[in-house]
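[1] Give me the fold of what follows.
(4 chains)
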Protein chains: 2
Amino acid sequence: MHEALFNYIFRYTGLQLSETEMELVTSAFTFKKLRKKQYLLQEGEICKYFAFIVQGAMRQYSVDEKGVEHILQLAIENWWIGDRESYLMLTPTPYNIDAWEDSELLLITRADLLNLFDQVPAISQMTRQMDDKNSFATQRRLKATISYSAEKRYQDFLTTHPDFLQRFPQHQIASYLGITKETLSRIRKQTI
Amino acid sequence: MHEALFNYIFRYTGLQLSETEMELVTSAFTFKKLRKKQYLLQEGEICKYFAFIVQGAMRQYSVDEKGVEHILQLAIENWWIGDRESYLMLTPTPYNIDAWEDSELLLITRADLLNLFDQVPAISQMTRQMDDKNSFATQRRLKATISYSAEKRYQDFLTTHPDFLQRFPQHQIASYLGITKETLSRIRKQTI
DNA sequence: ATAAACTGTTGATATATATCAACGAGGAGA
DNA sequence: TCTCCTCGTTGATATATATCAACAGTTTAT
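    Prediction:
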């Protein structure tokens, strides 16, 4: 169950955890199963956990005043999910996070994570790299969103997240790209 | 000249630097003056410096295949400017950074910054908070860009960056919002 | 002082995308 | 097995924004 997380830590840092470190990591995380459509977080709550996805697919979205969902993040195995601003600043989140497929997660609180920083140096290194890469990816998406056409954003998406195509329906991907499912359908027809 | 930076550090961390720490910080930064339109960074280069703006206004933008500029970042006094992905990963930047007004900057290399982390704890704390707030702001902008209309994005901008209105021309702000200057002009007319 | 460049606005038109409605196919649940 | 739900596509239409051109005022440079 924690194997995936240990592998992830090794892949990110090049560091193999000792037995002691593995025990510390194991006890710091809480296992949680979610059924499809079940919430991990709802808008207005404070994000108490960050979650590593062992198995399944998750999505993070906001709902506008017309009730339309706008997907900010999609995530599958070996990804992390959570509203980092709410998690660090203890502010109510504008996002909802729920399971797109039945999912198995490992959750950690901010306090437990800070404890691990001291006890397992690989964790603090991994977290820093993960945060940086996330930040870079968000900035690239922002750049794409203000300068590219919808079609070009879709091409970009195919390059950077080909695996998402099989895990999420077209209308979810369209929302993630900031377009409607009809527009995505027409783009796909043109592209083939 | 460095007063602004010391004040910034204090404001972000609540920590007052000692004389020794001030000397360390002063010697780690390089002063640089740029004339209006002068580049700090050009696309394809590696971003060797991050810059604190003591005086002036800077902009960070990419140029698409049609030669159109897309502004990703505007910055004035007490802001930082640089391509953080290129700075940390030593990859060529897709961005240009130049001075919109004659500007005075304090530049620091990655190596000097890492030295300061050890020697002046307030610097590492400030940098972490700055990076986090930047990351949060980028995510909020992404959320706004995929879910809001152009008009709503402008309203948002007025709330979060009222001081930019007097420092940057409308066509620059339009580009930063991902719309054309004509569209922004029409939105402003409607809003008044 | 003058010319050139920059800036913002406006009107007309074009285009990209949204919206609405409907349909067919496939999957899920009872 | 059947019904309901989900999904993706398509056509028609509407809307938000882009594009183009032109103009007037302001600022900058010579």
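
[2] Please count neighbours and contacts with C-alpha atoms only from this point.
    Noted.

[3] Taking the centroid of chain A, which residue is nearest it?
    With the centre of chain A defined as its mean C-alpha position, the nearest residue by Cα atoms, centre = their mean is A:I81, 3.4 Å away.

[4] Report the contact partners of that residue.
    The neighbours of A:I81, taking Cα atoms under 8 Å, 6 or more residues apart in numbering or on different chains as the test, are A:50-53, A:58, A:60, A:75.

[5] Where does pLDDT dip in chain A?
    Low-confidence segments of chain A (pLDDT under 70): A:192.

[6] For B:P121, state which of the contacts of A:I81 is nearest.
    Distance to B:P121, by Cα to Cα, is smallest for A:F50 among these, at 26.7 Å.

[7] So is the lengthiest helix in chain A next to chain B?
    In chain A, with assignment by DSSP state H, the single longest helix is helix A:121-147. Yes - shown here: helix A:121-147 in contact with chain B (Cα under 8 Å from any Cα of the partner chain) through A:135-136, A:138-139, A:141-143, A:145-147.

[8] how much space is there between the nearest residue to A:R141 once chain neighbours are set aside and B:A75?
    If the residues on either side of it in the chain are set aside, A:R141 comes closest to B:L142, at 7.4 Å by Cα to Cα, 6 or more residues apart in numbering or on different chains. In this view, B:L142 and B:A75 are 18 Å apart by Cα to Cα, to the nearest Å.

[9] And the helices in chain A?
    Under the criterion DSSP H, chain A contains helices at A:3-13, A:19-28, A:84-89, A:110-119, A:121-147, A:150-160, A:164-167, A:170-177, A:181-191.

[10] what's the most buried one of those helices?
    helix A:170-177 (a mean of 20; mean count of other Cα atoms under 10 Å in any protein chain shown).

[11] what angle separates it from helix A:150-160?
    If you take axes from the mean of the first three to the mean of the last three Cα atoms, to 10 degrees, helix A:170-177 sits at 100 degrees to helix A:150-160.

[12] got the angle between helix A:170-177 and helix A:181-191?
    Between helix A:170-177 and helix A:181-191, the angle comes out at 100 degrees (the same axes, to 10 degrees).

[13] Mind exporting the C-alpha coordinates of helix A:170-177 to PDB?
    This file holds the C-alpha atoms of helix A:170-177, laid out as PDB (Å, rounded to 0.1, in the frame of the first residue of the first chain):
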ATOM      1  CA  GLN A 170     -14.100  14.100 -23.000                       C
ATOM      2  CA  HIS A 171     -16.300  16.500 -21.200                       C
ATOM      3  CA  GLN A 172     -14.100  16.500 -18.200                       C
ATOM      4  CA  ILE A 173     -11.000  17.200 -20.300                       C
ATOM      5  CA  ALA A 174     -12.800  20.000 -22.100                       C
ATOM      6  CA  SER A 175     -13.600  21.600 -18.800                       C
ATOM      7  CA  TYR A 176      -9.900  21.200 -17.700                       C
ATOM      8  CA  LEU A 177      -8.900  23.000 -21.000                       C
END
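
[14] is that helix up against chain B anywhere?
    Yes - using Cα under 8 Å from any Cα, helix A:170-177 reaches chain B at A:L177.

[15] DNA strand D contacts on chain A?
    Neighbours of DNA strand D within chain A, by Cα under 7 Å from any atom of the strand: A:168-172, A:181-186, A:188-189.

[16] hmm, try it at 10 Å
    Taking Cα under 10 Å from any atom of the strand as the contact definition, chain A meets DNA strand D at A:37, A:100-101, A:146-147, A:149, A:165-174, A:180-190, A:192.

[17] Near DNA strand C, list only the ones from the residues you listed.
    Answer for the residues of chain A next to DNA strand D near DNA strand C (Cα under 10 Å from any atom of the strand): A:147, A:149, A:174, A:180-187.

[18] domains of chain A?
    A:3-136, A:148-192 (automatic domain parsing).

[19] Now tabulate these in JSON lines and tack on distance to B:K66.
    Output for the domains of chain A, formatted as JSON lines (distance: least, Cα to Cα, whole Å):
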{"stretch": "domain A:3-136", "distance to B:K66": "25"}
{"stretch": "domain A:148-192", "distance to B:K66": "12"}
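
[20] Tell me who's in contact with the closest residue in space to A:T180 that isn't next to it in sequence.
    Leaving aside its chain neighbours, A:T180 sits nearest to A:A174 (5.6 Å; criterion: Cα to Cα, 6+ apart). Listed by Cα under 8 Å, 6+ apart, the contact partners of A:A174 are A:180-181, A:183-184.

[21] A:M130 and A:W80, how far apart?
    9 Å.

[22] Likewise for A:A51?
    5 Å.

[23] Looking only at neighbour counts, state which of those two leads.
    A:A51 (22 against 19; other Cα atoms under 10 Å in any protein chain shown).

[24] Surely that one touches A:D83?
    No - using Cα atoms under 8 Å, A:A51 makes no contact with A:D83, being 10.0 Å away.

[25] Show me what from chain A comes close to chain B.
    Close to chain B, as judged by Cα under 8 Å from any Cα, chain A has residues A:64, A:70, A:72, A:84-85, A:135-136, A:138-139, A:141-143, A:145-147, A:177-179.

[26] please redo it, this time with the cut-off set to 6 Å
    A:135, A:142, A:146, A:178 (Cα under 6 Å from any Cα of the partner chain).

[27] and the last one, how many residues sit next to it?
    In this case it means A:G178. If you count neighbours by other Cα under 10 Å, A:G178 ends up with 22.
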